[in-house]
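Q: after the sequence you'll find the predicted model.
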Amino acid sequence: MEYEKIKNELREIVNTPASALTTAQKWRVRAIAKSLGVEFEPKSRCASCYHDAAMQCFTKVQEMEAKESAGEDPRKYILKPGVDVYFGNIRVNETTLTDELAEHILERGFMSKYFVKICE
């Protein structure tokens, strides 16, 4: 899948005012959402539903891209793109995460849904 091309299309759609979206752009959001398995049912009076769907699709593409590249990464634990949270008093993000920290926080209840890769 051409991740960059899809991400650029979605960026363009999100950066277009909702009232200026073309019919072609709206259909493209629907097609991308369907191909990615993102549920999207546009509402007739919703000004930003296409932007919301485009953002959900963008996030999904980022996750797919990260999962693909995670197999090549030697680290045992890799977070999903954009994760930056505090767990207790520990900041958890791509910069601070080490395999040791990941094991430590997972033992204490940190949710595995924030990870793209967990090797045990």
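A: That came through, no problem. Residues are numbered from 1 along each chain as shown.
Q: what is the distance between the worst-scoring helix or strand of the chain on mean pLDDT and the centre of its chain?
A: Taking mean pLDDT, DSSP states H and E as the measure, the chain has helix 49-70 as its least confident helix or strand, at a mean of 88. Helix 49-70 has its C-alpha centroid displaced from the chain centroid by 4 Å (Cα atoms, centre = their mean, to the nearest Å).
Q: give me the sheet partners of the next helix or strand after it and which way each runs.
A: Of the helices and strands lying after helix 49-70 in sequence (DSSP states H and E), the nearest is strand 77-79. Partners of strand 77-79 in the sheet, by DSSP bridges, are strand 115-118 (antiparallel).
Q: where in the chain is pLDDT low?
A: The model of the chain has pLDDT under 70 over residues 1.
Q: can you name every helix or strand that the helix or strand containing S35 contacts?
A: Per DSSP H and E: S35 is located in helix 23-36. On a contact count with 3 or more Cβ pairs under 8 Å, 6 or more residues apart in numbering; DSSP states H and E, helix 23-36 meets helix 3-14, helix 49-70. Just so you know, the C-beta spots here come from the backbone N, C-alpha and C atoms, and that holds for glycine as well.
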